[in-house]
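Colleague: The following block contains a protein sequence and its predicted model.
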Amino acid sequence: MKLSWTLHRPDLGLFRLDRDGNLVFPKTLLLDFSVILWLCNAPLRLVIAKVLSMVGHKEAQEILTGFIIYTPILLYILISGKIPWKYFHWFLIACAGFFGITYLMHPEYEHWLTRDAFGISDSIFSPIRGAIWGFFMIEISGDVKRLWRNFQFAAAGTFLYQMYLWVQAKRAGYWDFVDSSGAMARRPYSLDFGYAMAFVLLVVFVTYTFEKKRWMLLMSALCGILILDSGSRGSLVCLFAFALLFLVDAKWNKKERIRNFFAVSAAGGVALLSMNYLIKLIVILADKFHITSRTITMLAEGEAMDDNGRSDIHKLILTHIKEKPLTGYGAFGDRQFIGPKFNWGYSHSIVYEMWADFGVILGTLFLGGLVFLIAKAIFEEKDARYRGAMMVVASVGARLALSNTFWGDPYFWMMVALLTKWLFDLRKRNPGISAQTLLKQLQEAR
């Protein structure tokens, strides 16, 4: 079969032509297709729901979505005879075991573990929407080139879907959300929209650093404007986290890192000194272009640092953490204290949530180890695509400092998978390395 060169994209790893001009594509494309569909499961579910509503079988939405996402993986296993993951089954057993032990020790957690919204079946273990499957998707993506390509396609799908939601919200004049009592409510912005656009912005910007195409800068700027327009302040935390990680990126030498540090420090100092003028300028521009944004309004009214009630949640959970600082309360340990007052039940802080679940010592060690390994991987890894992927998921995952739960955050578990992959590759590149030598290297890097 002769094929036009428009489909011949070996640079993307999608297709190649054999000597006879026949179409050849790698079996791993099946895995990549599943990864992209999983990352874009929200628009996929929307399309499936609309199709099923036409035939009157909405109840089959989850089953059909799962079938579409995971069938390519099954086909890959049947065709290749290989299992495309190494660690996920152990990771899944560890997570399930932790929740199982917690339930045996605290059967009173049953309500928080099994409820439909924010429970473990939907937000954690569901193969369609469960966050820990982010680990699985990173692992089956294989090499970093494939992983980054999957991120690019997922960013494109996410952008189109979020723009659809944005248009719908602008027409209606509000975004729907679930409030602290569990009831549906309306507001002029969306947490999910802001974080999704942050993911798109970062993927596009990192791609720009590889390919230097100007339209990518314009696309990044557009995403930034949309975040200001309809996202929350937490989305800006993701961008700030990315800026910090970008400063320690391995692409810079020591002198460039020092230069970047002082440049950012100087820019930050100037911004702080001229904050009032900057806020006035932003408000004027927003008014001129008819942009109505909660973030801009809070800046104009001097309420940008308002915690929106988080301090009450933090005081509540900190009181109970002090009662069991060494052992914690097990998986979902904060739900029993926060859930009766705030429907979602989690601490809105990864620090407090880890302390509540694992205790102060283990929680601090785990979180501190993650931060250290992220910085070390970005600082040392030579593959720019890997560093870019790590910066993206770690930056979007930075929202956990203010919002969400690490158990139900796919970016957090994708970050854990990337770190696992990096440590495995480190040992592979240095086959003779011992645990003592590895520890020495980590200490010297401090």
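Modeller: Received, thanks. Residues are numbered from 1 along each chain as shown.
Colleague: Please, where are all the helices along the stretch 201-350 of the chain?
Modeller: 214-230, 233-247, 254-273, 275-288, 294-300, 310-321, 335-338, 350-358 (DSSP state H, counting those that start in this stretch).
Colleague: can you list contacts of the shortest one?
Modeller: Yep, that's helix 335-338 we're talking about. 108, 109, 112, 313, 316, 317, 320, 329, 344, 345, 346, 347 (Cβ atoms under 8 Å, 6 or more residues apart in numbering). From N, CA and C alone the C-beta is placed, and that goes for glycine too.
Colleague: next SSE after the helix or strand hosting residue 149?
Modeller: Secondary structure from DSSP states H and E places residue 149 in helix 144-172. Sequence-wise, the next helix or strand downstream of helix 144-172 (DSSP H and E) is strand 175-178.
Colleague: Could you name the helices and strands sitting against the next helix or strand after that next one?
Modeller: For strand 175-178, the succeeding helix or strand toward the C-terminus, using DSSP H and E, is strand 184-187. Applying 3 or more Cβ pairs under 8 Å, 6 or more residues apart in numbering; DSSP states H and E, we find strand 184-187 packed against strand 175-178.
Colleague: Buried residues, the strand it packs on. List them.
Modeller: If you call a residue buried by 16 or more other Cβ atoms under 10 Å, then strand 175-178 has these buried ones: residue 175.
Colleague: what's the average pLDDT for it?
Modeller: Summarised as a single mean, pLDDT over strand 175-178 is 86.
Colleague: what's it in contact with?
Modeller: Taking Cβ under 8 Å, 6+ apart as the rule, strand 175-178 contacts 117, 169, 184-191, 193, 230, 343-344.
Colleague: List only those of those flagged as buried.
Modeller: Buried among these (16+ other Cβ under 10 Å): 169, 189, 190, 191, 193, 230, 343, 344.
Colleague: Which strand or helix spans the fifth one?
Modeller: Secondary structure here is read from DSSP H and E; on that basis residue 193 sits in helix 191-211.
Colleague: Can you dump the C-alpha atoms of that helix in PDB for me?
Modeller: C-alpha atoms of helix 191-211 as PDB (Å, rounded to 0.1, in the frame of the first residue of the first chain):
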ATOM      1  CA  LEU A 191     -10.800  25.200  39.700                       C
ATOM      2  CA  ASP A 192     -10.600  22.400  37.200                       C
ATOM      3  CA  PHE A 193     -10.500  24.700  34.300                       C
ATOM      4  CA  GLY A 194      -7.600  26.700  35.700                       C
ATOM      5  CA  TYR A 195      -5.500  23.600  36.500                       C
ATOM      6  CA  ALA A 196      -6.300  21.900  33.200                       C
ATOM      7  CA  MET A 197      -5.200  25.000  31.300                       C
ATOM      8  CA  ALA A 198      -2.000  25.200  33.400                       C
ATOM      9  CA  PHE A 199      -1.200  21.700  32.200                       C
ATOM     10  CA  VAL A 200      -1.800  22.700  28.600                       C
ATOM     11  CA  LEU A 201       0.300  25.900  29.000                       C
ATOM     12  CA  LEU A 202       3.200  24.100  30.500                       C
ATOM     13  CA  VAL A 203       3.300  21.300  27.900                       C
ATOM     14  CA  VAL A 204       3.200  23.900  25.100                       C
ATOM     15  CA  PHE A 205       5.800  26.100  26.700                       C
ATOM     16  CA  VAL A 206       8.200  23.200  27.300                       C
ATOM     17  CA  THR A 207       7.700  22.000  23.700                       C
ATOM     18  CA  TYR A 208       8.600  25.600  22.700                       C
ATOM     19  CA  THR A 209      11.900  25.200  24.400                       C
ATOM     20  CA  PHE A 210      12.600  22.200  22.200                       C
ATOM     21  CA  GLU A 211      11.300  23.400  18.900                       C
END
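Colleague: what angle do that helix and helix 144-172 make?
Modeller: Note on geometry: by axes from the mean of the first three to the mean of the last three Cα atoms, to 10 degrees, helix 191-211 and helix 144-172 are set 140 degrees apart in direction.
Colleague: Check which residues of helix 191-211 are buried.
Modeller: So, applying 16+ other Cβ under 10 Å, buried residues of helix 191-211: 191, 193-208.
Colleague: that older thread, using CSV, please lay out the contacts of strand 175-178 together with distance to residue 222 and pLDDT.
Modeller: Shown next, in CSV, are the contacts of strand 175-178 (distance: Cβ to Cβ, whole Å; pLDDT from 0 to 100):
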residue, distance to residue 222, pLDDT
117, 33, 83
169, 17, 93
184, 30, 83
185, 28, 85
186, 25, 86
187, 23, 86
188, 20, 86
189, 17, 86
190, 17, 90
191, 20, 90
193, 14, 95
230, 13, 88
343, 34, 87
344, 31, 85
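Colleague: And the pLDDT for residue 405?
Modeller: Predicted confidence (pLDDT) for residue 405: 95.
Colleague: Residue 307 too?
Modeller: pLDDT, read off for residue 307, is 57.
Colleague: Also residue 39?
Modeller: As predicted, residue 39 sits at a pLDDT of 97.
Colleague: Once you drop chain neighbours, what's closest to it?
Modeller: Distance criterion Cβ to Cβ, 6 or more residues apart in numbering; nearest residue to residue 39, sequence neighbours excluded, is residue 154 at 3.7 Å.
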